[in-house]
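*Asks:* turn this into a structure:
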Amino acid sequence: MESFINYYKEFYADFSQQFQTVFIKDNRYMQIVKGFQITLQITIGSLILGVILGVIVAAIRSTYDKNKETLKAKGGFGYISLSILNSICKIYLTIIRGTPVVVQLMISYYIIFASIENGIPIGIFAFGINSGAYVAEIFRGGIMSIDNGQFEAGRSIGLNYIQTMWYIIIPQMFKAVLPTLCNEFIALLKETSVVGYVGVTDITKAGNAIAGRTYNFFLPLIAVALVYLAIVMILTSLVSLLERRLRKSDH
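*Replies:* Residues are numbered from 1 along each chain as shown. Predicted coordinates:
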């Protein structure tokens, strides 16, 4: 028993010393805090951009898929313009989903925005463009799963196509794709950990920087992992709460 107590004391003293060295000395914990703030900035900015792009691309592709035969029969500028937009969207989806996000990030930083030194807006752009491709397919699948009778119901009460999409289809689609959309948001959060490749000190790079200075990789990296885990758990809880409220609104 006494040997166990002595071992516990030694372990606690050693852990306390390591904790002081890794986080407290020179206020190194502030690097984690600042990195966390940058991670949130990039994630939220990318999320907004990705959802906007996803809605636009999904609307174009689902409109083309649902009305292709009718528009083709009528012909004219409407069919041609929608076909061109649909082709552009398909090219965008193919390129973005077919290349790694870290490559897209470096192309954005070193080629497209080579004159910009601040990597945060570039990270938002790169991850937003990447996320938009996946969100678009999630939304398109949700829209295509809605019965055509819903579109006809909207038309029957005098709504045009856009109004039918906005007031009838999109609310139903959102409830259907919410769990999948949550998974995409979680993946986006974790994908931002590679933003350090372009010189942005996010939470992951901050943890690596502390580990490099203290030669202690366990504590800073475990701290980074716990922060990511906490964010994911909070996000999952919020989405579950939203799902319950949406289910109640159906009754």
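*Asks:* which ones are touching the residue nearest to the spatial centre of the chain?
*Replies:* Closest residue to the average C-alpha location of the chain: Leu188 at 3.2 Å, with CA atoms, centre = their mean. Listed by CB atoms under 8 Å, 6 or more residues apart in numbering, the contact partners of Leu188 are 43, 46-47, 50, 127, 131. In short, each C-beta sits where N, CA and C put it, glycine included.
*Asks:* that one: which element?
*Replies:* Assigned by DSSP states H and E, Leu188 falls within helix 170-191.
*Asks:* give me the helices and strands touching the next helix or strand after that helix, please.
*Replies:* As assigned by DSSP H and E, the chain's next helix or strand after helix 170-191 is helix 203-214. Judged by 3 or more CB pairs under 8 Å, 6 or more residues apart in numbering; DSSP states H and E, helix 203-214 is in contact with helix 29-74, helix 218-249.
*Asks:* the inter-axis angle of helix 203-214 versus helix 170-191?
*Replies:* Angle of helix 203-214 versus helix 170-191, following axes from the mean of the first three to the mean of the last three CA atoms, to 10 degrees, is 10 degrees.
*Asks:* buried set for helix 203-214?
*Replies:* Neighbour-count burial for helix 203-214, counted by 16 or more other CB atoms under 10 Å, picks out 203-211, 214.
*Asks:* how about the residues you listed in TSV, adding pLDDT and distance to Arg28?
*Replies:* What follows is the buried residues of helix 203-214, written out as TSV (pLDDT from 0 to 100; distance: CB to CB, whole Å):
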residue	pLDDT	distance to Arg28
Ile203	93	13
Thr204	93	15
Lys205	93	13
Ala206	93	9
Gly207	92	10
Asn208	92	12
Ala209	91	9
Ile210	92	5
Ala211	90	10
Thr214	88	8
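*Asks:* including distance to Ser108, could those residues go into a markdown table?
*Replies:* What follows is these, written out as a markdown table (distance: CB to CB, whole Å):
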| residue | distance to Ser108 |
| --- | --- |
| Ile203 | 20 |
| Thr204 | 18 |
| Lys205 | 17 |
| Ala206 | 22 |
| Gly207 | 24 |
| Asn208 | 22 |
| Ala209 | 23 |
| Ile210 | 27 |
| Ala211 | 27 |
| Thr214 | 32 |
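*Asks:* roughly how far apart are the closest residue to Phe36 other than its chain neighbours and Phe77?
*Replies:* Among residues not flanking Phe36 along the chain, Ile203 sits closest, at 4.8 Å (CB to CB, 6 or more residues apart in numbering). Plainly put, Ile203 is 50 Å away from Phe77 if you go by CB to CB, to the nearest Å.
*Asks:* what does Ser83 give?
*Replies:* From Ser83 to Phe77 the distance is 11 Å (CB to CB).
*Asks:* which of those two has more neighbours?
*Replies:* Between Ser83 and Phe77, Ser83 has the larger neighbour count (other CB atoms under 10 Å), namely 14 against 7.
*Asks:* from Ile186, how far off is that one?
*Replies:* For Ser83, the distance to Ile186 - CB to CB - is 35 Å.
*Asks:* please apply the same query to Asp14.
*Replies:* 35 Å.
*Asks:* with neighbour numbers in mind, choose between these two.
*Replies:* Neighbours per residue (other CB under 10 Å) separate Asp14 from Ile186, with Ile186 holding more: 16 against 10.
*Asks:* nearest residue to the more buried one other than its sequence neighbours?
*Replies:* Nearest one to Ile186, counting by CB to CB, 6+ apart, is Val232 at 5.4 Å.
*Asks:* quick check: pLDDT value at the one you found.
*Replies:* Per-residue confidence (pLDDT) for Val232: 90.
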